[in-house]
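Trainee: heads up, no residue letters with this:
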């Protein structure tokens, strides 16, 4: 909790109110207790209050039950990560208390359900303990019919009281959530909420109030990364796709299945991963960029068909929501270990585009970018996200949908002649002409995975194979020339440059802020275009003594991590080193800083 | 209102709509000379596909020819029309992507027994059960030809191939039974040696609103010569049509008939009318769209965004 004003230590007696900029709340319980709902309410409230917010959650890989946490960081200033340490821990069970008390900042508040938790006496010196019989009081408030239901909303009331949150806004959010259901459910929820809010906060002598957030331009919307991708694809004009359920990609296909019919489209659940990408490619072939997606093992299954789309030069968008691998791996944990398969997966020389959003807002806009690159270059585009960004909730300025939404319906205007693989096309960029188009020359195109001539007919000619291989490569080189060089966060010259990609942007930037505040010379860049890379990175790299690539994957046989290895191959620069980890959790700012220091002392001798 | 998958696409055409377009000639439909071995049964299937296009006055831009991998799957290269040569075993989901997003096209899929029943077996079952509108013609030669004589899923017991030098030991698939059990709504059998019958089956399949499946025996003269002689009267065999008394809507009778020992019967075994997946998806789209009549896509999306504020 960062105090906005110089904190005055509370001296006992009357409760005092402290102004704060931000807070990190960790809610720990079981997955069926609705702890995601509390987190969701808080995140939405922050969005509506023009605050910044970021969440982090773990879900057990069990069907029902299992320990789960939801962490919310909300604040009046810029929120870059979900926070290393919590200011407040809300613990529903003994196991929640035991497992998460160490995540509290020294002097933090642990709010626990005293019906289930017996606190550790030794820890009472270190953290403020506040025991409230949440289960019992909830039953008292709403009647004991529904087992443990409602205690999450009761706890939300407690938090609202502690942080002086806006009651009417929260009541409205609760109302929206339970709209359309049996009115008694809404009444019970509100009763639990008010009971929680009215409950005295016991020995906690301090409550908090957020300082006013800076006015933002326009309203904010609050959603998670998977939702942002789904809606981004709809805004991009995608109307057809196919998929197979697999965590954590599934939310996107559920959203598209549910939403696309309103737009005249449909999303098909197929019999397997291979059918999913094949059906999507069929949809693209039929005239409009289609989408498929998956996670982990599903991406492996799709690679043969991906190779076909590259060879046949079909536009296609593939979402890869990464999880821990290989094989079934860690389905509900975060990892960035699909970079290699995204960039190189499959047999043969098969250039494809890979882009990676850094935050939830990016998920929306880069879904549109993926569609547009696929169309313009007639190439498959992989949108590489991960479990963390998929499930984390952020607020961002509402897009101007009227301007952003685009129509990409196919054009069936008859044409004089057509070569699907025209070697004279500028930069090798030819275009797909869908069936339904009359070609007046009477020569119709075949799209194929066999090496082919300009009309798509098979060839064994070494010359044509070389020309066509170069054509498929040149398209990406042309794309690279149009990509923006990433902005440097911090000065453009110094000792250390941290390089990140994907969902790690927040903690890396925050690490830069903290390092600079401590007087260290650290900057960072974040790459969103992974394959091809933008041109000109060498100019950025030349300004630093050490280039450390921060990734959530293994350092690999040669010690540089997956993206680090690509950068080393591309720039042949021994300054490039990796900071890698595979614990299935997001980066903590502290970890990045410690690992940077370790790497600098060890890394110098490595060179 | 955005363009939908429901509506047939608007095509601005240089030909005035009033002018009657003629059917295509064989010359206009034929493309590359087939790479098949002389005497291959697939030639006759191709010739009859041309005849079908000619007879039914289909135009280049109204059909799409799709195939997977195998000798017979070279098919699209030999047809002068929009076509795709996809990967091994996955032609059906690819074709489904076209069928479900383009109600204006007729999708024809050609392939072999390995493509259909071995590597693509799962897709065969699911495309059939979902009743996705298309015509699937499997040229069954009981052997892997492109890779030069390995056992196929339809090779009979005892067939000597390079992977079963002592004779095939695995029980073969019965394509008709497989199709009926999977829920295909049109199941027929024909043979390349009877051209009129092939054309008849193709026409009936094309006119069927749903997933129409034809098993067409097509001899591999190189690696399984004489496989189907017992069904060819010119080679001393018998060509038995499906009995006139057979009720094509009777699933059990069709299944039983499909189990007759070779040469068995030829004709339509099973044909029922069930709503296609195409029609069902279109119904869902229609219902959902009726709730947003007159709204632009961005206005529909705005409603979702309003809930996330």
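Mentor: Thanks, I have the structure now. Just so it is clear, the model here is predicted, and its values are computed rather than measured.
Trainee: tell me the domain ranges of the chain?
Mentor: Because you didn't say which chain, this covers chain A. As recorded under automatic domain parsing, the domains making up chain A are A:2-7+A:15-210, A:221-404, A:426-482, A:494-606.
Trainee: not quite, go with chain B.
Mentor: Chain B breaks down by automatic domain parsing into domains covering B:26-274, B:276-309.
Trainee: point out the most buried one among these.
Mentor: Highest mean neighbour count among the domains of chain B (mean count of other Cβ atoms under 10 Å in any protein chain shown): domain B:26-274, with a mean of 21. Bear in mind the C-beta positions are built from the backbone N, C-alpha and C, glycine included.
Trainee: circling back: now the domains of chain A as JSON lines including distance to chain B?
Mentor: Formatted as JSON lines, these follow (distance: least, Cβ to the nearest Cβ, whole Å):
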{"stretch": "domain A:2-7+A:15-210", "distance to chain B": "6"}
{"stretch": "domain A:221-404", "distance to chain B": "2"}
{"stretch": "domain A:426-482", "distance to chain B": "4"}
{"stretch": "domain A:494-606", "distance to chain B": "20"}
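Trainee: winner for burial among those?
Mentor: Counting by mean count of other Cβ under 10 Å, domain A:221-404 has the highest mean neighbour count of those, with a mean of 24.
Trainee: and that one, how far from the chain's centre?
Mentor: 13 Å (Cα atoms, centre = their mean, to the nearest Å).
Trainee: just the strands from the stretch 401-550 of chain A, written as ranges.
Mentor: With DSSP state E, counting those that start in this stretch, the ranges of strands along the stretch 401-550 of chain A come out as A:446-448, A:494-501, A:522-527, A:529-531, A:544-551.
Trainee: now render these as a markdown table, adding mean pLDDT.
Mentor: A markdown table is the format used below for the strands of the stretch 401-550 of chain A (pLDDT from 0 to 100):
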| stretch | mean pLDDT |
| --- | --- |
| strand A:446-448 | 97 |
| strand A:494-501 | 97 |
| strand A:522-527 | 98 |
| strand A:529-531 | 98 |
| strand A:544-551 | 97 |
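Trainee: middle-most residue in chain A, spatially?
Mentor: By Cα atoms, centre = their mean, chain A has its centre lying nearest to residue A:389, at 1.6 Å.
Trainee: that one - that's part of a helix, no?
Mentor: Yes - Residue A:389 sits within a helix when classified using DSSP: H, G, I helix; E, B strand; the rest coil.
Trainee: mind listing what it touches?
Mentor: Residue A:389 makes contact with A:225, A:357, A:359, A:360, A:363, A:502, A:503, according to Cβ atoms under 8 Å, 6 or more residues apart in numbering or on different chains.
Trainee: show me where the stretch 1-150 of chain B dips below the pLDDT cut-off.
Mentor: Across the stretch 1-150 of chain B, the ranges flagged by pLDDT under 70 are B:1-19.
Trainee: residue of it closest to chain A, please.
Mentor: As assessed by Cβ to the nearest Cβ, chain A sits closest to residue B:97 within the stretch 1-150 of chain B, at 2.1 Å.
Trainee: how far does the one helix or strand that residue maps to sit from the chain's center?
Mentor: Using DSSP states H and E, residue B:97 sits within helix B:91-101. Distance, stretch centre to chain centre, for helix B:91-101: 11 Å (Cα atoms, centre = their mean).
Trainee: would TSV of the domains of chain B with distance to residue A:230 be doable?
Mentor: Shown next, in TSV, are the domains of chain B (distance: least, Cβ to Cβ, whole Å):
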stretch	distance to residue A:230
domain B:26-274	19
domain B:276-309	10
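Trainee: so which of the ones you listed is nearest residue A:511?
Mentor: The closest of the domains of chain B to residue A:511 is domain B:276-309. By Cβ to Cβ, the value is 30.1 Å.
Trainee: that closest one near chain A at all?
Mentor: Yes - interface with chain A: domain B:276-309 contributes B:281, B:284-285, B:287-289, B:291-292, B:296-302, B:304-305, B:307-309 (Cβ under 8 Å from any Cβ of the partner chain).
Trainee: identify those among these that sit within helices.
Mentor: Among these, the ones falling in helices (DSSP state H) are B:281, B:284-285, B:287-289, B:297-302, B:304-305, B:307.
Trainee: and those residues, which is closest to residue B:260?
Mentor: Each of these was scored against residue B:260 by Cβ to Cβ, and residue B:281 proved nearest at 37.1 Å.
Trainee: got a pLDDT number for that closest one?
Mentor: We have a pLDDT of 97 for residue B:281.
Trainee: tell me the residues of the stretch 101-250 of chain B that contact chain A?
Mentor: So far as Cβ under 8 Å from any Cβ goes, the stretch 101-250 of chain B lies against chain A at B:101, B:102, B:104, B:105, B:122, B:123, B:125, B:126.
Trainee: re earlier: find me the pLDDT at the residue nearest to the centre of chain A, would you?
Mentor: Value for residue A:389, per-residue pLDDT: 94.
Trainee: what do you get for residue A:241?
Mentor: On pLDDT, residue A:241 comes in at 98.
Trainee: who are the packing partners of the helix or strand containing it?
Mentor: Following DSSP H and E, one finds residue A:241 within strand A:240-243. For strand A:240-243, the packing partners by 3 or more Cβ pairs under 8 Å, 6 or more residues apart in numbering or on different chains; DSSP states H and E come out as helix A:250-259, strand A:266-269, helix A:273-285, strand A:291-294, helix B:91-101.
Trainee: can you do 7 Å?
Mentor: strand A:266-269, helix A:273-285, strand A:291-294 (3 or more Cβ pairs under 7 Å, 6 or more residues apart in numbering or on different chains; DSSP states H and E).
Trainee: residue A:85 and residue A:106 touch, don't they?
Mentor: No - taking Cβ atoms under 7 Å as the definition, residue A:85 is not a contact partner of residue A:106, at 8.7 Å.
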